[in-house]
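Student: Output the structure for:
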Amino acid sequence: MKTICSSHDLHIKLGPGPDMADITPEVTKVVKRSGLEDGIVMCSVIGSTGSITTIEYEPGVVEDLKRAINRLADPGEIYQHELAWHDGNGHSHVQAALLGPSVGLPVRKGRLLLGTWQQIIVINHDNRPRDRIVVVSVIGTA
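Tutor: This next block holds a predicted model:
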């Protein structure tokens, strides 16, 4: 049994938030190239206004999630961050913090274990377009 530990950066262009992209195909490729048989894949977005989660990536759920995110931390509210920095993205930091910057998922027999309708998504919450870096780390055995 050989230990596998490697990482790869994905570069994802996203519009003003909340904007999201399905990164499942890219993560699956990283897992396959790594030779990982059993272990964990960890996906982490770099930056305090980005998040990662899993959903069924279809237009209805995507729109529902966007609306829910904006209800959790309404862009129209007054945020202390905005009062200090005047950059209009106080809500972006709060939204990202509520969803979290990473997700860990199991890999078994070389396959990323996801439900039939479950995809990995990266979300930009910032009030401007962003080029997001997602670090995909694989840890386990070959």
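
Student: Buried ones in the least confident helix or strand in the chain by mean pLDDT, by neighbour count?
Tutor: None of the helices or strands of the chain scores lower by mean pLDDT, DSSP states H and E than helix 80-85, at a mean of 92. Within helix 80-85, the residues that qualify as buried are His81, Glu82, counting by 16 or more other Cβ atoms under 10 Å. C-beta: built from backbone N, CA, C; applies to glycine.

Student: just stretch 15-34 next, same as before
Tutor: 17-24, 26-28, 30-31, 34.

Student: and the least confident helix or strand of the chain, what does it pack onto?
Tutor: Other helices and strands packing on helix 80-85, by 3 or more Cβ pairs under 8 Å, 6 or more residues apart in numbering; DSSP states H and E, are helix 90-99.

Student: In contact with the residue sitting nearest the centre point of the chain, which residues?
Tutor: In the chain, the C-alpha nearest the mean C-alpha coordinate belongs to Ile52, at 2.1 Å (Cα atoms, centre = their mean). When contacts are counted by Cβ atoms under 8 Å, 6 or more residues apart in numbering, Ile52 touches 43-45, 99-103, 120-123, 134.
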